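Visitor: Attaching a predicted model along with its sequence, questions to come.
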Amino acid sequence: MKKILFVSRGNISTGSYRIWVHDLNHYFNELGFNCSIFSGNTKEVDDADIVICGKSDPDLALAIKKNHPGKKVGIINLSSDKKDLPIDFVIVGSLEEMDSLSHYDNVFLYPLIEKMYQDPGDYKQHKNSSTLTIGFHGHYPHLSKFSPHLCQALEEMDKTQNIELKIITSNVGFNWKVGKPKIKNISMKSWDIKTIKQEILGCDIGVVPNITSLNLNDLGLKTSTNLGWYDTDHIVRMKNKSNAGRCFVFHQLGIPVVADLTPSNFHIMGDPECGSIAMSKDGWLKALMNLTEPETRQRMADNAKREFDRLYDPHVWASRLYTNLLEI
């Protein structure tokens, strides 16, 4: 059996380390594979057949490959602008990211399945409440993606519903300007690994904005029948590393989700019984208003959780990845 070694300078508070080092190592071992995380003993590298380095550690990967040319060495979540590194494989978290790194021979997908949200006991049961809490969790630059449509939808909803917008992010002191809705009740919560599950479980609805919505004027273009360019076109910008990870956390914890047109979201939410996809102000507003009743929220959350469990069994994905690694 091949020996796999994870080498990363990350830690458990970083998502990429949790998912692709800590959690993936756990699932490899549950499947009976010979796998461990580097503890500092260089003999561990000598003994490994396959070395997986963290996203922030391409220098380590290159050094290991130089000193051990016979080993298979790869990097997690590599920046797509690094085109010519002499490595053997890359591990990515989405189809969007996979395409952007297709200049490498071996690009393997392992989705952002977080073990810490997999406990069946951590699952929301929806009830009536005086305040409807709409939750966002994630990196603070995503807050700008509330602009313009989600922002407008929340402002409209605030006129008739008692809502709270709960923002859970690592930088609560961020001076949020672009996309911040003018509503009565916004709370900022610090992302903390000790409290994140309870903070998310305190939400009734999850929102996942990611895409920047553009139009022809933004690009200096005019409509053209010959080219198929129209005022009604969807023109969007997204990171190459876009993924459904923020949706997954809500699915795992039983929170119904409204998300944007990011492609990976469709694997579960392409079924309207599992959630809602929105890009326009009216789309976001209609989706949010549809979730004001607890029975609807529970049904949508339960449907999405069933699909998540069917499509994203971590043991299935870990086994696929292991097979891919052996076949290099």
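Guide: It's in. Numbering: from 1, shown residues only.

Visitor: looking at this, residue 52 is in a strand?
Guide: Yes. Counting by DSSP: H, G, I helix; E, B strand; the rest coil, residue 52 is located in a strand.

Visitor: Could you report the neighbour count for residue 100?
Guide: Here the count is done by other C-beta atoms under 10 Å, and residue 100 has 19 residues near it. Just so you know, the C-beta spots here come from the backbone N, C-alpha and C atoms, and that holds for glycine as well.

Visitor: quick one, what contacts the residue nearest to it when sequence neighbours are not counted?
Guide: In space, residue 100 comes closest to residue 240 once its chain neighbours are excluded; the distance is 3.7 Å by C-beta to C-beta, 6 or more residues apart in numbering. Shown in contact with residue 240 (C-beta atoms under 8 Å, 6 or more residues apart in numbering): 80, 96-97, 99-100.

Visitor: what does residue 31 give?
Guide: Residue 31 makes contact with 315, 318-319, 322 under the criterion C-beta under 8 Å, 6+ apart.

Visitor: and those residues, which are buried?
Guide: If you count burial by 16 or more other C-beta atoms under 10 Å, the buried members of these come out as 318, 322.

Visitor: which SSE is the residue nearest to residue 100 in?
Guide: Residue 240 belongs to no helix or strand when assigned by DSSP states H and E.

Visitor: now it: how far from residue 95?
Guide: When distance is defined by C-beta to C-beta, to the nearest Å, residue 240 is 11 Å away from residue 95.

Visitor: same thing with residue 80?
Guide: As defined by C-beta to C-beta, residue 80 lies at a distance of 14 Å from residue 95.

Visitor: ok, now residue 7?
Guide: With distances defined as C-beta to C-beta, the gap from residue 7 to residue 95 amounts to 26 Å.

Visitor: More neighbours: the two, which one.
Guide: Neighbours around residue 7 and residue 95, counted as other C-beta under 10 Å, are more numerous at residue 7. The numbers are 20 against 16.

Visitor: rewinding a little: what's the farthest-apart pair in the contacts of residue 240?
Guide: When the contacts of residue 240 are compared pair by pair using C-beta to C-beta, the two farthest from each other are 80 and 96, 10.2 Å apart.

Visitor: Make TSV out of the contacts of residue 31 and add distance to residue 260.
Guide: Listed next are the contacts of residue 31 as TSV, based on distance: C-beta to C-beta, whole Å:
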residue	distance to residue 260
315	30
318	29
319	31
322	33
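
Visitor: Nearest to residue 20, out of the contacts of residue 31: which one, please.
Guide: Nearest to residue 20 among those, counting by C-beta to C-beta, is residue 318 at 10.6 Å.

Visitor: which residue packs closest to the closest one, ignoring adjacent ones?
Guide: Once chain neighbours are set aside, the closest to residue 318 by C-beta to C-beta, 6+ apart is residue 27, at 4.0 Å.
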